[in-house]
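# I need the structure of the sequence given here:
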Amino acid sequence: MILPTKNISPDRALLTLAGKVFDGLGSPRTVSGVWDEFRAKQEARPVSYAFFILAIDLLFLMKLVSLGDDGLIRRRVGGQ
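Numbering: from 1, shown residues only. This next block holds a predicted model:
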């Protein structure tokens, strides 16, 4: 599920979806703001909200994003 397999195409793997979410985080955003933009970009091949949240979780586990006290998701810089 995280990586592509014979049953999961590369564009549906969580790692790919997480990369697309990460690319959309140019500036700090709310989860709903990121979801709205991600969903609009994925209109041709819709992704469920559950898979979107799993992609966000993967980014947190990889320490690539953080949630600020203001409730905004932002890219982490360096080893912060």
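
# From now on I want contacts and neighbour counts done on CA atoms only, so please keep to that.
Fine.

# so L17 is in which element?
L17 belongs to helix 14-23 when assigned by DSSP states H and E.

# Can you list the buried residues in that helix?
Buried residues in helix 14-23, counted by 16 or more other CA atoms under 10 Å: 14-18, 20-22.

# just those now: which is nearest V77?
F22 (12.7 Å; CA to CA).

# Could you name the helices and strands sitting against the helix or strand where L59 lies?
In this structure, L59 sits in helix 49-61 according to DSSP H and E. If contacts are counted by 3 or more CA pairs under 8 Å, 6 or more residues apart in numbering; DSSP states H and E, helix 49-61 sits against helix 14-23.

# Helix 49-61 and the helix it packs on, what's the angle between them?
Compare the direction of helix 14-23 with that of helix 49-61 by axes from the mean of the first three to the mean of the last three CA atoms, to 10 degrees and you get 80 degrees.

# residues making contact with helix 14-23?
1-3, 10-11, 34, 38, 51-52, 54-56, 58-59, 75 (CA atoms under 8 Å, 6 or more residues apart in numbering).

# what distance separates the helix or strand just after that helix from the centre of its chain?
From helix 14-23 onward toward the C-terminus, using DSSP H and E, the following helix or strand is helix 31-41. Remark: helix 31-41 is offset 10 Å from the chain centroid, using CA atoms, centre = their mean, to the nearest Å.

# okay, helix 31-41 in CSV with CA atoms only?
Extracted in CSV, the C-alpha atoms of helix 31-41 (Å, rounded to 0.1, in the frame of the first residue of the first chain):
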residue,chain,number,x,y,z
VAL,A,31,-5.7,20.4,6.2
SER,A,32,-8.9,21.3,4.4
GLY,A,33,-7.1,23.8,2.2
VAL,A,34,-4.5,21.2,1.2
TRP,A,35,-7.4,18.7,0.6
ASP,A,36,-9.3,21.1,-1.6
GLU,A,37,-6.3,21.8,-3.8
PHE,A,38,-5.2,18.1,-3.9
ARG,A,39,-8.8,16.9,-4.8
ALA,A,40,-9.0,19.5,-7.6
LYS,A,41,-5.7,18.3,-9.1
